[in-house]
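Colleague: structure here, sequence nowhere to be found:
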């Protein structure tokens with residue numbers, strides 16, 4: 001996926017603004033907008049970061065909590081439970 005596609009996918013999955021995502025990830029203001037518009041291109045590390053965030057959008061919430069371990073565990077568990085449903089007393093992935 002391109003940077004533009006990854007950013008649009010992330011935005012669709014988690015909502016919010018580019019500014020909020022940039023602030024949580026400590027990216028300079030306007031970075032995501034510039035990547036989407038093609039004004040600048042992310043480094044390979046930037047693409048890898050976008051791929052991680054696209055796969056696990058809750059990581060932005062972890063970053064927003066200053067990478068606190070306990071908060072990260074809570075955020076991960078809550079997100080995981082959103083993707084599990086219980087059928088006949090047992091768990092099935094959605």
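Modeller: In hand now; what should we look at? This structure is a prediction, so every number in the text was calculated from the model and none was measured. Numbers count the residues shown, from 1 in each chain.
Colleague: for the host helix or strand of residue 24, what is the distance to the chain centroid?
Modeller: Under DSSP states H and E, the secondary-structure element containing residue 24 is helix 18-25. A distance of 10 Å separates the C-alpha centroid of helix 18-25 from that of its chain, computed with CA atoms, centre = their mean, to the nearest Å.
Colleague: okay, and the helix or strand of the chain with the least pLDDT?
Modeller: strand 90-93 (a mean of 60; mean pLDDT, DSSP states H and E).
Colleague: picking that back up, so what does the helix holding residue 24 touch, helix or strand wise?
Modeller: Packing contacts for helix 18-25, counted by 3 or more CB pairs under 8 Å, 6 or more residues apart in numbering; DSSP states H and E, involve helix 3-14, helix 31-37, helix 44-55, helix 58-64. The C-beta positions use only the backbone N, C-alpha and C, and glycine is treated the same way.
Colleague: where does the chain dip in pLDDT?
Modeller: Counting by pLDDT under 70, the ranges of the chain that qualify are 86-94.
Colleague: mind checking how far the lengthiest helix in it is from the chain centre?
Modeller: For the chain, the longest helix by residue count, based on DSSP state H, is helix 69-82. Here the centre of helix 69-82 is set off from its chain's centre by 13 Å, with CA atoms, centre = their mean.
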